[in-house]
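Asker: Okay, here's the prediction I keep looking at, along with the sequence it came from:
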Amino acid sequence: MVTQEQRRRQLAREKFLRQQQRRTAARRKANVRNSVIASVLGVIVVGSVLSYATGVFKNDDDKSNASAEVTPSATPSKAADPCEKAAEGAVKSLSWKKEPAMTIDKSAKYDMKLATTCGDIDIALKTSAAPHTVNSFNFLASEGYLDHTKCHRLTTNGIYVLQCGDPKGTGMGGPGYTIPDENLKDKTLKNNIYPAGTIAMANTGQAHTGGSQFFLVYQDSQLPPSYTPFGTVSESGMKVLKKIAAAGEATGQGDGTPNATVVINKATVTKS
């Protein structure tokens, strides 16, 4: 016969086991989020309980990625590709030893257009708040550095971004130089949220390691303010991003190559 004391101890053990199971599940979700964030936004994309462990959007320039529960699908997802065939041309193999000289007018307005296979993504750049970043993209665009490059990463769990800017398409490429972090206290970054429509730099998880990789936020994403926000995507551009996101990514686990074939046919930066 089970005594009252034995029953009390049994209930206590069961309560302890339930607590341990919850803690284990929480740690597992945290590890999943952190691997999304710190997986070199394949190694960087702007790191996924949002413990700001070591590096979230790893720049995949490493030589670079939060807090929703997800149940990975057993098999990779594969949605229909909603995008057009890429324009003819090849990625240029370019590299520079140092950041380009400042040539932009810091007081002027600049816009960047990414003419992609999925539609045009227009971006109003934050010139005065992030002059080094805007100057760098003005230089890279003029050199054709981003032309014919693929956006190599889409995250659909915890953080919601499309990552681009790597000519290698592996998350490991960059222009050979780095630029300083800027605008990390942007008024739009409230409560560690990068709002939908933000374009920000990927990095290695260390300060001042941005190169050419960037991420486009298509849904509010919780991230530490470590990634330079340097522009805002237009309404029409957001429709393109949402179309890409709706097609999903190849692993079915929330972080992988987009099912949509997103190629930047041409990148241009213009003074407005």
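Answerer: Received the coordinates, thanks.
Asker: Now residue 80. Its backbone dihedrals?
Answerer: Main-chain dihedrals, residue 80, degrees, to the nearest 10: phi -60, psi 140.
Asker: State the distance from the closest residue to residue 209 other than its chain neighbours to residue 250.
Answerer: Closest residue to residue 209 apart from its sequence neighbours, by CB to CB, 6 or more residues apart in numbering: residue 203 at 4.5 Å. Backbone N, C-alpha and C define where each C-beta goes, glycine included. According to CB to CB, to the nearest Å, residue 203 and residue 250 sit 24 Å apart.
Asker: can you give me the strands for the stretch 151-272 of the chain?
Answerer: 153-157, 159-164, 193-194, 198-201, 214-217, 221-222, 229-233, 255-256, 263-271 (DSSP state E, counting those that start in this stretch).
Asker: returning to what we had before: neighbour count winner among residue 203 and residue 250?
Answerer: residue 203 (31 against 15; other CB atoms under 10 Å).
Asker: so where's the protein uncertain?
Answerer: 1-78 (pLDDT under 70).
Asker: if we go to 50?
Answerer: Across the chain, the ranges flagged by pLDDT under 50 are 32-56, 61-74.
Asker: quick one: the helices in it?
Answerer: For the chain, the helices defined by DSSP state H occupy 4-38, 131-142, 235-246.
Asker: The residue nearest to residue 209 contacts residue 214, doesn't it?
Answerer: No: taking contacts as CB atoms under 8 Å, residue 203 lies outside contact range of residue 214: 10.1 Å.
Asker: before we move on, back to that, next, find the distance separating the residue nearest to residue 209 from residue 216.
Answerer: On the measure of CB to CB, residue 203 and residue 216 end up 16 Å apart.
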